[in-house]
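# Got a sequence here, can you build the structure:
(2 chains, ligands or ions: 1)
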Amino acid sequence: MKKLSARRRHPLAALVVLIFALAATGGLYTALAPADEAKAAKGSGSSLAIKEGKKLYAVGCASCHGTGGQGSSDGPSLVGVGAAAVDFQVGTGRMPAQKPEAQAPKKPVKYDQAEIDQLAAYVASLGPGPNVPNKSQYDPNESDAAAGGELFRTNCAQCHNFTGEGGALSKGKFAPDLGDVSKKHIYEAMQTGPQSMPSYPDSVITEKGKGDIIAYLETVNSEESDSPGGYGLGGFGPVSEGLFAWVFGLGVMVAVAVWVAARTAKAKKS
Amino acid sequence: MSTESTTKQSGGEMPRQRKAPAGERVADWADGRLGIYSLAKANMRKIFPDHWSFMLGEVALYSFIIVILTGVYLTLFFTPSMAEIEYHGSYVPMHGITMSEAYASTLEISFDVRGGLLMRQIHHWGALIFVAAMFVHMMRVFFTGAFRKPREVNWLFGFLLLVLGMFTGLTGYSLPDDLLSGTGIRFMEGAILSVPVVGTYISMFLFGGEFPGHDIISRFFSIHVLLLPGIMLGLLVAHLILVFYHKHTQFAGAGKTNRNVVGMPLLPVYMAKAGGFFFLVFGVISMLAATFSINPVWVVGPYRSDQVSTNAQPDWYMGFSEGLVRIMPGWEINIWDHTLVLGVFIPLMVLPLVLGAIAVYPFIESWVTGDKREHHILDRPRNAPTRTAFGAAWIAWYFVMLIGGGNDLWATHFHLSINAITWFVRIGFFVVPVITFVITKRICMGLQRHDKEKVLHGRESGIIKRLPHGEFVEVHERLSQEDLHTLTAHEQYSPEEIGPETDEQGVRRKVGRSEKLRAKLSKGFYGENSQVAKPTVEEYEEITSGHGHH
Ligand code: HEM
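As a prediction, this is how the structure comes out:
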């Protein structure tokens, strides 16, 4: 018994160690770096821009999308996809694509914003399509995150999860995590519907609605969003919670049980 | 020992003149009426053996207590109603949204009730750990053979606790009426509807009309806070009484027999330890709950039947049923204008099989082996290779189903195709248990052989000796008497034989099918492929006494 009571401080020591472990886990978590938002460039409609864009296009894109943007066996037609599609696809590094895959993934961006604008101007000149949104559209002064949440759950959550953490689609395709996507690119994704994602023209989700969705994502899934309950374990719901309860929760319980049992066994022998 | 004799005894020993302290007098007064002392005295000296794995059940017990206490706190603030209101509480990103009172009150608990969020999180983390602890506790009982006679009934009690715990969790998880759990209820409704003939009626009855109706939350509430915990509490008490009554099992060791228990007395040593352990369990769960978010319903949103999200999964203990449905091909049959949705109905039928396998195992084993004796000494898992292999196979099976239940997260996190995972799980459902069975059995046999080796030749000491003629050999140390006992204490059985097919008169006896099956299975348990014969005393003496062994 004496030994037992002399070691009474040990559980506290164990708890302190635990807290450090938890802090380390949390630290790793916040280490996610936000993507830089590309600098906005000036006017893109000019014929000079179109000319420059055509040159860039011929070098970087024509091999797959055809010399006039009419498409080929390696890439779809770009006639009518609009400047917004180019700004999104090239601005997030998806284009130029490298190899045929289930889904063209994000990569480091290959062009600077001026070049992207020129490419966009050229593709826009091929046929009418959605324009690159301006700041008052994707970052309005007035927005309603609650309404945005409602819209997001109705239109987007089935692929992107409740808070836009992402999810799996069939055959290796996936809806990405929206945590580090710039507001402009979120807006453009809704306008143009990249790859397996449907597009949401203003007739489906109004300009205000899109702004609200962006405000919602900002609230729940960005650097600024707070998590009142503590670390969120990725926000994937019960699977990650269950895994954590087993590995961490039960793991600690077993460790504690082993420790307690070992204590008395020693006390008995002495 | 009767109450009377005890009180007389203590009265006689005490000098009359000096008044006992007040506390003692109160205790005496109460004891004279309740007779607790004699009851306690008879049980205080109960012995509880030490092994960490014997404390897993305690983890379950303590987390159950923690979950009940926090649950009572939650009921003080929770409104089990599906009446719709517009939210204007303190969580701004939900302002103006229409939701049920149940959901709104969960937001209120989370943001406005003092300690409410912590209580919710302790309740939920506690629930996950509670069921997980029951699970590993059950595994301990299984792999050590502690379920054998006379403890089969207590095994069944434990099994019922596990299943009820799962359903208590399911109903509790549904209470906040959020989009995640609402999707779960929808899933459940689909499963009920797939039952031929009566499915629609059961569903209408359960939901009080068309899904989702206005009743399900208040019904689940009564079930969750009253019915199931009540039954569980009763079962738990019965479970503990039986543990007490049967006394605890123990591992083989010097001085430990089938007729005694070696360990610490329940009081005071064990109680002190258990009390401390309770606070450790409480501490771990509270810390988890204070640091990690669980079920953040405020970002999940209120349930609406026109919305759905990816990552809509149940808590882990229901994950295997989710897996069953996710991997099942979407088969359908149409008969006489009725659709039989096999894609959901078959998983619904497999679910009780998965769980039922746990319940019936002790009875199957004792039938197969014909072993009807009492067992209080535990098996080391390696010494019961067939049982251990069955257990491992079941666990592997269960985990395959869990992987199926989380197939989307496996896909996104390991960059795999969800279709490939689904196929892996479909094949694994049949193949993985078989492979696990074979491998586990081999490992057990290997360990038995190794044990035998150790008994006969001692343990490798790591010391290399050079013999006069230049050969190098490793010196083997003989085992201590205690170790020898541990390695050789287990009993070995021979398989059940079918008696002679003809009796003394030469009349052919009819050998039933079940008898043949039993003999075959029994060979599987105890045949030469399932156990390594223990070293006999002669063998041991022959080797140890003879020529200088190395
Ligand atoms: C037997 C073990 C029990 C288990 C496994 C269990 C499990 C759960 C779970 C998983 C939830 C969802 C919590 C959430 O995320 O918000 C829940 C909610 C709830 N439970 Fe329990 N529970 C148990 C016993 C009890 C008891 C005994 C009571 C009350 C006497 C209770 C009262 C409640 C209430 C009121 C809620 C809804 C409150 C809320 O969601 O914030 N539970 N339970």
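
# give me the element B:Arg120 is part of.
Taking DSSP states H and E as the definition, one finds B:Arg120 inside helix B:116-143.

# What helices and strands are in contact with that helix?
Counting contacts by 3 or more CB pairs under 8 Å, 6 or more residues apart in numbering or on different chains; DSSP states H and E, the secondary-structure elements packed against helix B:116-143 are helix A:251-269, helix B:56-75, helix B:101-111, helix B:152-174, helix B:271-291, helix B:385-405. The C-beta positions use only the backbone N, C-alpha and C, and glycine is treated the same way.

# what do you get if the cut-off is 6 Å, keeping everything else the same?
Packed against helix B:116-143, as judged by 3 or more CB pairs under 6 Å, 6 or more residues apart in numbering or on different chains; DSSP states H and E, are the following elements: helix B:56-75, helix B:101-111, helix B:152-174, helix B:271-291, helix B:385-405.

# can those go into a markdown table with extra columns for mean neighbour count?
Output for the helices and strands packed on helix B:116-143, formatted as a markdown table (neighbours: other CB atoms under 10 Å in any protein chain shown):
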| stretch | mean neighbour count |
| --- | --- |
| helix B:56-75 | 21 |
| helix B:101-111 | 23 |
| helix B:152-174 | 21 |
| helix B:271-291 | 19 |
| helix B:385-405 | 22 |
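
# Which parts of the chain belong to which domain?
Using chain A. A:54-130, A:133-225+A:232-245 (automatic domain parsing).

# actually chain B
As recorded under automatic domain parsing, the domains making up chain B are B:2-43, B:57-310, B:380-497+B:508-550.

# Quick one: end-to-end length of the longest one, please.
Between the opening and closing residues of domain B:57-310 we find a distance of 35 Å, counting by CA to CA, to the nearest Å.

# got the buried residues for the host helix or strand of B:Glu482?
B:Glu482 belongs to helix B:481-488 when elements are defined using DSSP H and E. Residues of helix B:481-488 classed as buried under the neighbour-count rule (16 or more other CB atoms under 10 Å in any protein chain shown) are B:483-484, B:486-488.

# For that helix, name the packing helices and strands.
Contacts defined by 3+ CB pairs under 6 Å, 6+ apart place helix B:481-488 against no helix or strand at all.

# could you give the mean pLDDT of it?
On average, the pLDDT along helix B:481-488 is 76.

# so the helix holding B:Arg120 versus helix B:101-111, what angle?
Calculated by axes from the mean of the first three to the mean of the last three CA atoms, to 10 degrees, helix B:116-143 forms an angle of 100 degrees with helix B:101-111.

# So helix B:116-143, near the ligand or not?
Yes. Helix B:116-143 is in contact with the ligand by CB under 6 Å from any ligand atom, via B:120, B:123-124, B:127, B:130.

# In the stretch 301-450 of chain B, mark out all the strands, start to finish.
With DSSP state E, counting those that start in this stretch as the definition, the stretch 301-450 of chain B shows strands at residue ranges B:333-335, B:338-340, B:377-378.

# Closest to the centroid, which residue in chain B?
Taking CA atoms, centre = their mean, the centroid of chain B lies closest to B:Phe135, which sits 2.4 Å from it.

# What separation do you get for the spatially closest residue to that one that is not a sequence neighbour and chain A?
Leaving aside its sequence neighbours, B:Phe135 sits nearest to B:Leu162 (CB to CB, 6 or more residues apart in numbering or on different chains; 6.9 Å). Between B:Leu162 and chain A the distance, using CB to the nearest CB, to the nearest Å, works out to 15 Å.

# same thing with B:Gly458?
As defined by CB to the nearest CB, B:Gly458 lies at a distance of 24 Å from chain A.

# For that residue, list the residues it contacts.
For B:Gly458, the contacting residues are B:476-479, by CB atoms under 6 Å, 6 or more residues apart in numbering or on different chains.

# Do I have it right that A:Val252 meets B:Gly283?
No. Between A:Val252 and B:Gly283 no contact is recorded; they are 9.7 Å apart, counting by CB atoms under 6 Å.

# mind checking how far A:Asn131 is from chain B?
30 Å.

# check contacts around that residue.
Here A:Asn131 is in contact with A:Ala83 (criterion: CB under 6 Å, 6+ apart).

# Then it would be within a helix, right?
No. Assigned with DSSP: H, G, I helix; E, B strand; the rest coil, A:Asn131 falls outside any helix and is coil.

# and B:Ser461, that one's in a helix?
No. Using three-state DSSP, the secondary structure at B:Ser461 is strand, not a helix.

# Could you check how far the nearest residue to it once chain neighbours are set aside is from the ligand?
Distances taken as CB to CB, 6+ apart place B:Glu477 nearest to B:Ser461, at 4.5 Å, with adjacent residues excluded. As judged by CB to the nearest ligand atom, to the nearest Å, B:Glu477 and the ligand stand 51 Å apart.

# In the sheet, which residues pair with B:Glu477? Tell me.
Taking DSSP bridges, one obtains B:Arg459 as the residues bridged to B:Glu477.

# Quick check, it in contact with B:Gly462.
No. Counting by CB under 6 Å, B:Glu477 stays clear of B:Gly462, with 9.4 Å between them.

# Quick check on those two: which one has the bigger neighbour count.
More neighbours surround B:Glu477 than the other of B:Glu477 and B:Gly462, with 13 against 8 (other CB atoms under 10 Å in any protein chain shown).

# pLDDT below threshold where in the chain?
No chain specified, so I'll use chain A. Counting by pLDDT under 70, chain A contains low-confidence residues at A:1-45, A:264-270.

# right idea, wrong chain: chain B
B:1-18, B:36, B:39-49, B:254-255, B:258-260, B:263-268, B:498-504, B:509, B:543-550.

# any idea which helix is longest in it?
helix B:418-457 (DSSP state H).

# next one: it to chain centre, how far?
For helix B:418-457, the distance from its own C-alpha centre to the chain's C-alpha centre is 21 Å (CA atoms, centre = their mean, to the nearest Å).

# With stretch A:71-81 instead?
For stretch A:71-81, the separation from the chain centroid amounts to 26 Å (computed by CA atoms, centre = their mean).

# Name the residues of the stretch 151-270 of chain A found near the ligand, please.
Contact residues (CB under 6 Å from any ligand atom) of the stretch 151-270 of chain A with the ligand: there are none.

# Write out the residues of the stretch 151-270 of chain A neighbouring chain B.
For the stretch 151-270 of chain A, the residues in contact with chain B under the definition CB under 6 Å from any CB of the partner chain are A:153-154, A:157-158, A:161-163, A:167-168, A:171-172, A:174, A:219-220, A:227, A:229-232, A:236-239, A:241-242, A:245-246, A:249-250, A:252-253, A:256-258, A:260-261, A:264-265.

# that older thread, separation between the residue nearest to B:Ser461 and A:Val81?
Distance, B:Glu477 to A:Val81, using CB to CB, to the nearest Å: 79 Å.

# Tell me the buried residues within the residues of the stretch 151-270 of chain A next to chain B.
By neighbour count, with 16+ other CB under 10 Å, those hold A:153, A:157, A:161-163, A:167-168, A:172, A:174, A:219-220, A:227, A:229-230, A:232, A:236-239, A:241-242, A:245-246, A:249-250, A:252-253, A:256-257, A:260-261, A:264 as buried.

# what inclination does the helix holding B:Arg120 have with respect to helix B:385-405?
150 degrees.

# Can you list the buried residues in helix B:116-143?
Of the residues in helix B:116-143, those with enough neighbours to count as buried (16+ other CB under 10 Å) are B:116-143.

# Stretch B:411-423 too?
Judged by neighbour count (16+ other CB under 10 Å), stretch B:411-423 contains these buried residues: B:411-412, B:417-418, B:421-422.
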